[in-house]
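**Q** Here's a sequence, model it:
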Amino acid sequence: MTALKAGDVQRFVERPDLKAGVFLIYGPDAGLVREMSRTLSASLAGREPVEIIALDGTGDPGQLALEARSESLFGDRRIIRLRDAGKGFAPVLTAILADPGNAVIIVEADSLAPRDAVRATVEASKSGRTLPCYADSGKALERVIRDRFAEARIAADPDAITTLQDLLGNDREITRSELEKLVLFAGDTGRITRADVLLLCADNGALAVDEVLDAAGSGHAENLETALARALRGGTDVQFLLAMMLNHLRFLRRLRVEVDGGQSPADAIRNARPRPHFSREATMTQQLRLWRDDMLSRGTQRVLAATAESRKTPALAEVTLRRVLHSICQTAAQA
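**A** Prediction:
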């Protein structure tokens, strides 16, 4: 078996145990797949000049066989990077794996099932290695963030690191891009705060919507008006805000069931899926203390009625939105 564990991939691409053969790098994190492919190419090349041949999986498998057995015109070592190879490439890869010679084939692919023809072919050979790439999370993501800041000699506040972990991780290239943005922003100050992260990396539209929901749900009329003005000024659609308010009340209702069943509000929020951003935990806890299930039920019905009304009279949709949000806000304030 030549399948590596995800946690061993970084170490392997920096110090591969094969100089030739087929290396299958696959997984849902396309950015990480490309990064590992580049790192592996550099490691295999060493200090030698290298000719990189890029092939597409939609092409002729025979072209891969030809390139694998050809010498470079310039005498350089050749590394072939094959992207998105379908099952039609399995016979050619089988032949190369049986006698790789000096051929280096790096196959880049999306998620592959264990029975996928290409994956099964590479895993079955001693001349092949399969390297799974999954989205960064937990300690792995924290290490990527801390390593980049350490390299740039930037001090990041603990809550800035935590916020970045919440915002990033789905794609390594996006993570790298966002970190570079922060490094440039830090400049000579050498410091990154949570406010910097939210300013540069967060979806400000989503943050504005959260502020509307939390202001209404916790009974803060002044905050609601400020947040609503910001969201509308930023182009957030009225129907979207109504839909999000409805989802918010329904989410609170689900949490209310857990609290009524004996959980503390804090535990109910921490165990929720999806879990609210940690910065919202305090206000969500407050809202759970304010809203009973019957109140949430009536609030849900009011938002449903407002949604229907706004669709019948689009010209008055914003007025309808403001009325229902302030109604919910008043209910919370009087609880």
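**Q** Retrieve the pLDDT associated with G205.
**A** Among the per-residue scores, G205 shows a pLDDT of 67.
**Q** Poorly predicted segments of this structure, please.
**A** 1, 72-76, 203-205 (pLDDT under 70).
**Q** and D17, what does it touch?
**A** Taking C-beta atoms under 8 Å, 6 or more residues apart in numbering as the definition of contact, the neighbours of D17 are R129. Bear in mind the C-beta positions are built from the backbone N, C-alpha and C, glycine included.
**Q** Phi, psi for it please.
**A** For D17, the backbone dihedrals are phi -90, psi 10 (criterion: degrees, to the nearest 10).
**Q** I25 versus that one, what's the distance?
**A** With distances defined as C-beta to C-beta, to the nearest Å, the gap from D17 to I25 amounts to 15 Å.
**Q** In the stretch 101-250 of the chain, what residue spans correspond to helices?
**A** 117-123, 138-151, 158-167, 172-186, 194-200, 204-218, 221-233, 238-260 (DSSP state H, counting those that start in this stretch).
**Q** how does the protein divide up, domain by domain?
**A** According to automatic domain parsing, the chain is divided into the following domains: 6-132, 138-200, 204-334.
**Q** one step back: with F278 as the reference, name the closest of the helices of the stretch 101-250 of the chain.
**A** Proximity to F278 (C-beta to C-beta) singles out helix 158-167 among the helices of the stretch 101-250 of the chain, at 6.8 Å.
**Q** Any idea what I79 is bridged to?
**A** Residues found in beta-bridge contact with I79 (criterion: DSSP bridges) are I52.
**Q** now it: how far from R172?
**A** Taken as C-beta to C-beta, the spacing of I79 relative to R172 amounts to 21 Å.
**Q** Could you do K5 as well?
**A** Separation of K5 from R172 (C-beta to C-beta) stands at 18 Å.
**Q** what does R256 give?
**A** Relative to R172, R256 is positioned 39 Å away (criterion: C-beta to C-beta).
**Q** for L55, what are its contacts?
**A** L55 sits in contact with 63-64, 67, 80-83, where contact means C-beta under 8 Å, 6+ apart.
**Q** Please settle this for me: is it part of a strand?
**A** Yes: assignment of L55 by DSSP: H, G, I helix; E, B strand; the rest coil places it within a strand.
**Q** that older thread, ok, K5 and R172, which is more surrounded?
**A** Set side by side, K5 and R172 show more neighbours around R172, with 22 against 9, by other C-beta atoms under 10 Å.
**Q** I'd say that one and G31 touch.
**A** Yes: counting by C-beta atoms under 8 Å, R172 does reach G31; the two are 3.9 Å apart.
**Q** if we can go back for a sec, list buried residues within the contacts of L55.
**A** Neighbour counting by 16 or more other C-beta atoms under 10 Å classes 64, 80-83 among those as buried.
**Q** Let me know the closest of those residues to T58.
**A** R83 (9.1 Å).
**Q** Quick check: bridge partners of the closest one?
**A** Beta bridges link R83 to D56, E108, judged by DSSP bridges.
**Q** Identify the residue nearest A227 in space, chain neighbours excluded?
**A** Excluding its sequence neighbours, the residue lying closest to A227 (C-beta to C-beta, 6 or more residues apart in numbering) is E211, at 3.8 Å.
**Q** can you pull the contacts of that neighbour?
**A** With contact taken as C-beta under 8 Å, 6+ apart, E211 is in contact with 223, 227, 230-231.
**Q** With distance to N102 added, can I get the residues you listed in a markdown table?
**A** Conversion of the contacts of E211 to a markdown table gives the following (distance: C-beta to C-beta, whole Å):
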| residue | distance to N102 |
| --- | --- |
| N223 | 67 |
| A227 | 63 |
| R230 | 61 |
| A231 | 60 |
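**Q** Among the residues you listed, which one sits closest to E281?
**A** When those are compared for distance to E281 (C-beta to C-beta), N223 comes out closest, at 17.3 Å.
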